[in-house]
Every structure is written in C-alpha cells, then in structure tokens.
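K.L.:
Here is a sequence with its predicted model. Questions after.
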Amino acid sequence: MFHSLRTKLILSHLLVVVVGMTLSGALLLGLVEQYLLDALAESLTAQAYVVARALVPDAVPAASAANVSQATNATQQATNLYVQQTYTRKTQSPAVQNSNLAYLGEVTVRLSSDLPTRVRVLDAQGLVLVDSEMGADEGQSRVWEPGIAEALAGHQTVQAADGVMRVVVPLFHGDQVAGAICVSQPLDDVLAVLGDLRRLLLLATAIGVVGAGLAGLVLARAMSNPLRELATAAAHLARGEFDRTLRVRVRSRDEIGQLGDSFRRMSAQLQRTLDDLARQSEERRAILTTLADGVLAVDAGGRLLFANPVVADLLHVDEGIIADEDVRALLARALNTGQSQRQELSITGRAVEVLVTPLAEGDSAPAGAVAVLHDVTGFRELEDLKTRFVSDVSHELRTPLTSIKGMAETLRAGAVDDARVRDRFLGTIEAEADRLTALVNDLLVLSRADSHMLELRLDDVDLAALARESAERLAPQAASRGVRVEVAATGPAVARVDPYRIQQVLVNLLDNAIKYSPAGGVVTVTVAPEEAGLCVSVRDEGPGIPPAAQPHVFQRFYRADEARSRRFTGGAAHASTGSGLGLSIAQALVHAHGGRIWLESAESVGTTVSFFLPGS
C-alpha cells in the first residue's frame, strides 16, 4: 500500500494539513486561554477593589491609583455586581480606626452576580472575617491556601489552579497590611469556551483533512498516472516490446511531460540501436556460419560460447563442453599463456589445423579465446596423391625405360648383328615406346581435364554404333582371351558428345572388362535411353572388386590386387595389367561431358561400370 506514489502523495498532503492544523490549533488555544485567563484575572481584581472600597473605605488595596481608578471604572460599568452591608452594631463606624478589621465580624455581606464569584475578607493573621458563601469559612485561618501568605506579605497574587481562578489583594492601612480580600471564581466558563474552540478546531481539521485528501487525490492522480504509464512502458521496454513503449502519451507540459517525451525518444533510439546490433550480429553469425572453416569461442573457463555448423560436424560438444581432449588442451594452453597456439590435430579421422587466439586487453588475463579449425584433410590427401602420383609415374616410366635401356645396351654389345634378336628387341623397344606415349597422352588428358582445358568436339553420335565400333576394335584382344563381347541397345541412342573422347571411355571400360573376364566369359555393353539422357553400362563376369577397394577404383594409378589380376591375365607381362589410369580417364571424360560414372561389383559375380550422359 505504502509503495504507491499516489498513496505517498496523499499521505504527505494529509500529514502537512494535520501538522499545520495541530500546530496552529495549539497556538490559537494557548493564546485564547491566556487571553481569557488574563481577562478573568482583571475582572476578579476589579471586583476585589470594589469590595474593598465598599467594606473598608479607609483601606487601600495594593495597587496604584491609576489601577484602582481603572478597576473602579470597569466595575462601575458592570451591572451585575453590588455589595449590601448590614451592621449589627450601629454604634460602630465602617471606618478603619486602626489596623484591626475585627469589627467586620459584625458585618453581613451579600454579593450578587451573574458569575459564581466568591469573596472573602481576611485579617492580618489570615482569619476569614467575611465569606460571601453564607459564612462557610468565617473564623477559620486560610494562611495555607495558595496566595494568602503572599498577599498578607504585601504582594497581590493571581493564581489558577484546581479549576479555580483566585485573586488575593492585600489591604494596607498606612504602611501596614491590615488584611486581604480573596476573590475567586471557577474556570468552568473558560474551560467551556476552550472546549468549544477545541471542537471547532477539530472540525476544521477534519474538513481540512478531507479537502486536502481530495486535493491530494486529484494532484496525486495527475502526477502518478503519467508516472505509472511511464513505469508500464519501462516494463515493456525491459521485455523488448518497443512498439508498446512508443504509444506512451503524457499530455502535461511540466517536467513529467518532458520526461515522457524523452522516454519516447530514448525508446525509439534504443530500438534503432538494438536493431542495428541485431542486424550486425546476424551478419556476423551468417558470415561465421557460411565459413568453410570451423569457428568457436569459449569463455575464460573453456566453456563453449559459440560454434558454427562446421565445428558441430568436427567436434562433439556435450552441454557446452568440448569432448575432444586435444582441442581442450590447446584452448587451455592459449588461455593460460595468453599466446596464440597453432597445431594440426587428427579429429574424427580428419586432419584439422587448429589456430587458437586468446581474447585479452593489455596485460589482463584472457576473457576467452577464439579457435579456427581448418580442415586440411583435402590438402593432405592432395599432397599424398601428388607424392603417390610422382611415385607411380616414376614406377610406370622406370619399367619401360629400364627395358629400353637394357635392350639398347644388349644391341650395342653385339646383339645387333643377330637379325632375329635385333628384330625382337627393336619390337620390344617400339612397344615400350608406344606404352610411354600412351602413358604421356593419358597424363595430358587428366591434366587438361583437371584444369578444365579439355577441348571437346561435340556432335550427334549414335552411342550404340560407337559401342559396336569399340568392341570391334578390341575383338582381337577378346578373341585371344576367349571372351565374347555383346552390344545391346534398348532404344534410340543418339547423344551430343565428342565421339573420340567417348570412344576412349568405352575402350578403357571394355579393355578392363575383357582383361578381368575368364575364358568363355561374356562382356555385355548396354545402351539404354533414359528420361534425361543415355545410360551406358559395361558388365563383365570377372572376379569382382572387394567392397573395401571399390571407393578407390577411380583414383589414379590405383590397381586392385595384382595377384588376383594375374589369375585372369594369365600371368601376362606388366604391360598387360595397365597403368591404373583407365577408370580415372573415363571419369574425367564423362565429367567433362556433364555426366556421371559409377561402379557396382560383387565378388565372384562380376563388375558393372555405368556412365550417364545428358541428352542433346
């Protein structure tokens, strides 16, 4: 309840009114009470003077002539007071012959007044000589009463105690105190007036409180409603609901209105700033997400803060913790030393180069680190391929070159004179030279295909006829191995291709199929039209290719198990096993035509190599 600004404003108004009315009422009551008491004291003093003049004409009250005259005049103007004396002894005079007032014992005084005023005359010893209340205290000493002793000592006293105002005036005869007159009156009227005034003040205070409460309510509502609207808008702003904060309308022109205008401008500016930050964050996230390299960020404790999809493919992350120990160790070393770390790691069977850069300002401890994971598996495989390629080319070149060199040295040593040996050696040298030429040509084809510089002379070609021509070209080789080649076309087989390159593909596939087919086997070439092009398949009945070797058959210089190959080549010379480039060249030429090539094989069943060429 007291947490509400409206309640606080209303209570503050009420508190001000209550405090103000209380203080002003207390001050007013004090002033009025003092005024009434002073007025009553003056009235009682005047009455005492009148009684003194009436009862003891020769006695002088303890007051100056001016005061006595003023009191007498004031009393003479009153119509409610008179003194009647009755002397029981007519021989005595009321005049004071000496300082003894004992003669008043023979006097009866009757005081009539609208006010309950009591008059008592005391002698110098404090004995009551005359009492207006039917002689209640006559003959009794009242020295102990407040003010009596002071008056008998010559001092006029005025006291208000126990609900009674008492004025005691000494009477002098010459320089001696002859007695005193004590005039008293209850303070009931004064207290009644003060009570009425107090009730009026309480009523005024209540009316003021109600009025102040209503005024405070109106003012508090005028102040709190805009502030409450601003508080609601601030809550929406904290939740990011900027569209609702812009609807804040504070119509006042005071400081609260200025605050509302500033709040709307701040909200709009904050929305623009957050939109810019969000857009920049999305741009950075999009850039990091589309990077080919993995990017991750960790805090000072090594807990993952961000990782792009590449990292998710490379590393296993469990609840923000990187599972790979080598990567964690590299990150920890960078965070501990504050220096960049670079290391090539093997992650899930891939070669990954990891560069870790700590995030630190000056000499402070790193607040985190950023790691870039570059998958170099392809580069390493390319390096291995280059190394293997050089080794394979060297091997392929070394065999024929060694054969040529050996035969040339033999001829130089004298075998040239033997016509039969010379012709056989020269034939072998020519065959090895042809093999070297074919190898160089194959390498040139692969090189041009890799560099996309392979020139194709496209034409509409009947692939079924091209397949038959290729089969006829290899007919002598097939006949020597006892293998039959069959060509089948299931429909129109015209495609726009380079006939020389596609025939080269067919020759390579047929050569492999014939080479690995058993005697009496059949090699089948099938040309089948499809919706988007033509599919050509070459199937043999050879030993098949093991599943582990199938993913590598299109690699350059790759050969299957040569021991098994020799079982189907009849232990032929090295030249008969090929260079291992046939399928690689076939793949490169098919890809150059925009097609694709694949292999299906089962051990002891055979192998089918198929390629697809898009239609013209």
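P.N.:
Great, that's in hand.

K.L.:
For Thr607, which residues are in contact?
P.N.:
The neighbours of Thr607, taking C-beta atoms under 8 Å, 6 or more residues apart in numbering as the test, are 513, 516, 539-540, 542, 544-545, 599-601. Heads up, the C-betas are built off the backbone N, CA and C, glycines and all.

K.L.:
Of those residues, keep whichever come out buried.
P.N.:
Using 16 or more other C-beta atoms under 10 Å as the burial test, the contacts of Thr607 include 513, 516, 539-540, 542, 544-545, 599, 601 as buried.

K.L.:
so of the residues you listed, which ones are in helices?
P.N.:
Ala513 (DSSP state H).

K.L.:
Would you mind giving the buried ones among the contacts of Thr607 as a markdown table with distance to Thr608 and pLDDT added?
P.N.:
Formatted as a markdown table, these follow (distance: C-beta to C-beta, whole Å; pLDDT from 0 to 100):
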| residue | distance to Thr608 | pLDDT |
| --- | --- | --- |
| Ala513 | 9 | 91 |
| Tyr516 | 12 | 89 |
| Arg539 | 4 | 93 |
| Asp540 | 8 | 92 |
| Gly542 | 11 | 88 |
| Gly544 | 10 | 88 |
| Ile545 | 11 | 89 |
| Leu599 | 7 | 93 |
| Ser601 | 7 | 90 |
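
K.L.:
From the contacts of Thr607, pick the one nearest Thr526.
P.N.:
The closest of these to Thr526 turns out to be Arg539 (C-beta to C-beta; 7.4 Å).

K.L.:
which element is the closest residue to that closest one other than its chain neighbours on?
P.N.:
Nearest non-adjacent residue to Arg539, counting by C-beta to C-beta, 6 or more residues apart in numbering: Thr608, 4.2 Å away. Using DSSP states H and E, Thr608 sits within strand 606-614.

K.L.:
Tell me the one among the contacts of Thr607 nearest to Phe379.
P.N.:
Leu599 (26.7 Å).

K.L.:
residues contacting the residue nearest to the closest one when sequence neighbours are not counted?
P.N.:
Nearest residue to Leu599 in three dimensions, chain neighbours excluded: Val609, at 5.1 Å (C-beta to C-beta, 6+ apart). Val609 makes contact with 509, 512-513, 537-538, 583, 586, 597-599, according to C-beta under 8 Å, 6+ apart.

K.L.:
all strands of the stretch 251-400 of the chain, in order?
P.N.:
For the stretch 251-400 of the chain, strands defined by DSSP state E, counting those that start in this stretch occupy the ranges 294-299, 304-307, 317-318, 321-322, 341-347, 350-359, 368-375.

K.L.:
on that earlier part again, from the contacts of Val609, pick the one nearest Ala312.
P.N.:
Among the contacts of Val609, Trp598 lies closest to Ala312 (C-beta to C-beta), at 30.0 Å.

K.L.:
got a list of what the closest one touches?
P.N.:
609-611.

K.L.:
any idea of the pLDDT on Pro499?
P.N.:
At Pro499, the pLDDT value in this model is 91.

K.L.:
out of everything not next to it in sequence, what's closest to it?
P.N.:
Val461 (4.7 Å).

K.L.:
which element is the one you found on?
P.N.:
Going by DSSP H and E, Val461 is part of strand 459-462.

K.L.:
Would you mind getting the angle between the helix or strand following that strand and strand 606-614?
P.N.:
Next in sequence after strand 459-462, counting helices and strands by DSSP H and E, comes helix 463-473. Here helix 463-473 runs at an angle of 140 degrees relative to strand 606-614 (axes from the mean of the first three to the mean of the last three C-alpha atoms, to 10 degrees).

K.L.:
Tell me the spacing between the residue nearest to Leu599 and Leu194.
P.N.:
From Val609 across to Leu194, the span is 126 Å (C-beta to C-beta, to the nearest Å).

K.L.:
about what we covered before: who touches the residue nearest to Pro499 in this structure?
P.N.:
Taking C-beta under 8 Å, 6+ apart as the test, what Val461 contacts is 494-497, 499, 502.

K.L.:
ranking those residues by neighbours, who comes first?
P.N.:
Most neighbours among these, by other C-beta atoms under 10 Å: Val497, with 28 neighbours.

K.L.:
Leaving out chain neighbours, which residue sits closest to Ser403?
P.N.:
That would be Glu432: by C-beta to C-beta, 6+ apart, it lies 5.1 Å from Ser403.

K.L.:
In the one helix or strand that neighbour maps to, which residues are buried?
P.N.:
Using DSSP H and E, Glu432 sits in helix 419-450. By 16+ other C-beta under 10 Å, the buried positions in helix 419-450 come out as 425, 429, 432, 435-436, 439, 442-443, 445-446, 449.

K.L.:
on contacts alone, who are the packing partners of that helix?
P.N.:
Other elements packing on helix 419-450 under the criterion 3 or more C-beta pairs under 8 Å, 6 or more residues apart in numbering; DSSP states H and E are helix 377-412, helix 582-592.

K.L.:
Format those as JSON lines; extra columns: mean pLDDT, distance to Ala231 and mean neighbour count.
P.N.:
JSON lines is the format used below for the helices and strands packed on helix 419-450 (pLDDT from 0 to 100; distance: least, C-beta to C-beta, whole Å; neighbours: other C-beta atoms under 10 Å):
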{"stretch": "helix 377-412", "mean pLDDT": "79", "distance to Ala231": "59", "mean neighbour count": "14"}
{"stretch": "helix 582-592", "mean pLDDT": "88", "distance to Ala231": "69", "mean neighbour count": "21"}
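
K.L.:
Reformat the ones you listed as JSON lines; add distance to Leu345.
P.N.:
Shown next, in JSON lines, are the helices and strands packed on helix 419-450 (distance: least, C-beta to C-beta, whole Å):
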{"stretch": "helix 377-412", "distance to Leu345": "12"}
{"stretch": "helix 582-592", "distance to Leu345": "31"}
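
K.L.:
No further queries at this time; thank you.
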